[in-house]
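Novice: Just a sequence and a predicted model for now, questions to come.
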Amino acid sequence: MAATEKKKKKSTGGDWVGYRPKIKVLDCTIRDGGLMNDHDFDEKLVKAIYSACVEAGIDYMEMGYKSSKRIFSPDQFGKWKYCTEETVRSIVGDNDTPLKISVMADAERTDYHEDILPREQSVIDMIRVAAYIHQIPTAIDMVKDAHDKGYETTVNLMAISTVQERELDEALDDLAETEVETVYLVDSFGALYSEQIEYLTRKYLAYAKPAGKEVGIHTHNNQQLGYANTIQAIITGANMLDASFAGLGRGAGNCPVELLIGFLHNPKFRLRPVLKCIRDHINPLKEKLRWGFDIPYMITGHLNQHPRDAMKFNAGEDRSDIVKFYDSMVEEE
């Protein structure tokens, strides 16, 4: 009996956390990972991730951006920068699956009135508006446009680690009055620690919950805290969770989806399709794209700086001289 009980306890280890039916997982591999290769993924890879998301029971897959071709030339970027209806349907068809499709629309970088079709004409389910704090008025208009067209919506508040608390309170108060369903806490620079994530998640919830809205979390792994910070947000009450296959994302990457679905203990999630996709399609990209934890990304996270300088440094010939990079960043301070 003791051995049986021990075996049972081992097989359900971590169930003390439980799981909330409201929790949803969004895969952002192609969208965030596209920041490492100008959104030029081939269709075979995107199709493989889509199929793996369906098989794994993941709730949403983010295909890329709805960017303005007036601002971003198609000569310089791949098609996942624009996510036209034809492009998305080339992968998902009519998407006769439980998986929902999302795209991201950057405030002031999207011709949303024209490029986002009415929902009944599109296979896309959700529009995620990404906005910096000074772009909140534009974000609110974008949310109204998408909502009126029939889409689910989120607002992802970017670079929150650089925002003054008074400005954040005002933005959250304004968003609580809109039609948006979820407001995302985004650690754009991978600069936040778990106690800050807990504090901010509680703040977001204080505005969101009375208005009937959810809180989401999107982390970066500059200080190897992407997974830990996501867990902290879950425990505090966030129900919309971003993650990516093998953490593939800009710079240090994101919370790995394979870790996240293991933590959630929801029987609807299946790990094997994710691992198979990583083995066959994601791992072969590592040498070329060079995402994931790396000391230059750690330095930018520690300094609460955008990772663009680290990305440039890692693409150079002296990428092994991490002291030189550190000195250059500290001098900028």
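Specialist: Thanks, I have it. Numbers count the residues shown, from 1 in each chain.

Novice: what's around the nearest residue to Ser161 once chain neighbours are set aside, how many residues?
Specialist: Nearest residue to Ser161 in three dimensions, chain neighbours excluded: Ala191, at 4.4 Å (Cβ to Cβ, 6 or more residues apart in numbering). Glycine gets a C-beta too; all of them are placed from N, C-alpha and C. Using other Cβ atoms under 10 Å, Ala191 has 21 other residues around it.

Novice: ok, Ala191 - contacts?
Specialist: Going by Cβ atoms under 8 Å, 6 or more residues apart in numbering, Ala191 touches Ser161, Asn222, Gln223, Gly301, His302, Leu303, Asn304.

Novice: go again using 10 Å as the cut-off
Specialist: Under the criterion of Cβ atoms under 10 Å, 6 or more residues apart in numbering, the neighbours of Ala191 are 159-162, 220, 222-223, 225, 300-305.

Novice: Quick check: can you list the domain ranges of this protein?
Specialist: Structural domains annotated on the chain: 17-287, 295-332, as defined by automatic domain parsing.

Novice: Which members of the contacts of Ala191 are classed as buried?
Specialist: Among the contacts of Ala191, those classed as buried by 16 or more other Cβ atoms under 10 Å are Ile160, Ser161, His220, Asn222, Gln223, Leu225, Thr300, Gly301, Leu303, Gln305.

Novice: could the contacts of Ala191 go into a markdown table alongside pLDDT?
Specialist: Formatted as a markdown table, the entries for those read as follows, by pLDDT from 0 to 100:
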| residue | pLDDT |
| --- | --- |
| Ala159 | 95 |
| Ile160 | 96 |
| Ser161 | 96 |
| Thr162 | 96 |
| His220 | 97 |
| Asn222 | 96 |
| Gln223 | 97 |
| Leu225 | 98 |
| Thr300 | 92 |
| Gly301 | 89 |
| His302 | 90 |
| Leu303 | 94 |
| Asn304 | 92 |
| Gln305 | 92 |
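
Novice: wait, which of these is closest to Leu200?
Specialist: For Leu200, the closest of those turns out to be Ile160, at 6.8 Å, with distances computed as Cβ to Cβ.

Novice: who's in contact with that closest one?
Specialist: Taking Cβ under 10 Å, 6+ apart as the contact definition, Ile160 lies against 132-133, 168, 171, 184-189, 191-192, 196, 200, 204, 218.

Novice: hmm, back to that, identify, from the buried ones among the contacts of Ala191, the entry nearest to Ile30.
Specialist: Taking Cβ to Cβ as the measure, Ile30 lies nearest His220 of the buried ones among the contacts of Ala191, at 16.6 Å.

Novice: Next one: that closest one from Asp59, what distance?
Specialist: Separation of His220 from Asp59 (Cβ to Cβ, to the nearest Å) stands at 21 Å.

Novice: Repeat that for Asn254.
Specialist: When Asn254 is compared with Asp59 (using Cβ to Cβ), they lie 16 Å apart.

Novice: The two - which one has more neighbours?
Specialist: Neighbours per residue, other Cβ under 10 Å: of Asn254 and Asp59, the larger number sits with Asn254, 32 against 18.

Novice: List phi and psi for the closest residue to the more buried one other than its chain neighbours.
Specialist: Among residues not flanking Asn254 along the chain, Ser244 sits closest, at 4.5 Å (Cβ to Cβ, 6+ apart). Its backbone dihedrals place Ser244 at phi -140, psi 160, with angles given as degrees, to the nearest 10.

Novice: Arg290 now?
Specialist: The phi and psi values for Arg290, taken as degrees, to the nearest 10, are phi 50, psi 50.

Novice: what number of residues lie near it?
Specialist: Here the count is done by other Cβ under 10 Å, and Arg290 has 14 residues near it.
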